[in-house]
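Provide a 3D model corresponding to the input given below.
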Amino acid sequence: MCEQVAKIENVEIISAAELTTFTFRYYNVDVGSTALNMLNKALVSLINKQQVIFVNSTIIKQKNVIRICIMNHRTHSQDITNGVEAIRNAIQEISMLARNMRSDVHARIDDSTLTKLL
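A predicted model of the protein is given here:
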């Protein structure tokens, strides 16, 4: 799954798969580190809201990242495919949000702003 997620545009793998766990984050060079952290927090909600795959977040080296751990012995390849697609859909939403943030140079992005937008 890590290899498939790594192919999604604007995804940075933070820690490669070890056994069943890996971490990644949304990354965009045009967005500052504080906004990236907030966008990645929002990304967790967007992924989980789809109820296809459930992820959580953690902080690694002051970066908010998303952690995936697949341990269920009943997981099939279609489950992985569906999970990657859910992540791709959420990344597309976050990318649109980031574009809107860049277009409004006066926008102040904080948790309440992200909540309204999502």
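
Export stretch 41-57 to CSV, keeping only CA atoms.
What follows is stretch 41-57, C-alpha atoms only, in CSV (Å, rounded to 0.1, in the frame of the first residue of the first chain):
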residue,chain,number,x,y,z
LYS,A,41,-4.9,17.2,10.4
ALA,A,42,-7.9,18.0,8.1
LEU,A,43,-6.8,15.2,5.7
VAL,A,44,-7.2,12.6,8.5
SER,A,45,-10.8,13.7,8.9
LEU,A,46,-11.5,13.6,5.1
ILE,A,47,-10.0,10.1,4.8
ASN,A,48,-11.9,8.8,7.8
LYS,A,49,-15.2,10.5,6.8
GLN,A,50,-15.3,8.2,3.7
GLN,A,51,-15.5,5.1,6.0
VAL,A,52,-13.3,3.0,3.7
ILE,A,53,-10.1,3.1,5.6
PHE,A,54,-9.4,4.6,9.0
VAL,A,55,-6.1,6.4,9.7
ASN,A,56,-4.7,8.5,12.6
SER,A,57,-2.2,11.2,12.9
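
And the contacts of that stretch?
Contact partners of stretch 41-57, identified using Cβ atoms under 8 Å, 6 or more residues apart in numbering, comprise 25-26, 40, 64-68, 79, 82-83, 85-87, 89-91, 93-94, 97, 111, 114, 118. Yep, even glycine has a C-beta here, placed from its N, CA and C like the rest.

what mean pLDDT does stretch 76-94 have?
Stretch 76-94 shows a mean pLDDT of 95.

quick one: low-confidence ranges for this structure?
102-118 (pLDDT under 70).

show me where it has strands.
11-18, 21-26, 56-60, 63-69 (DSSP state E).
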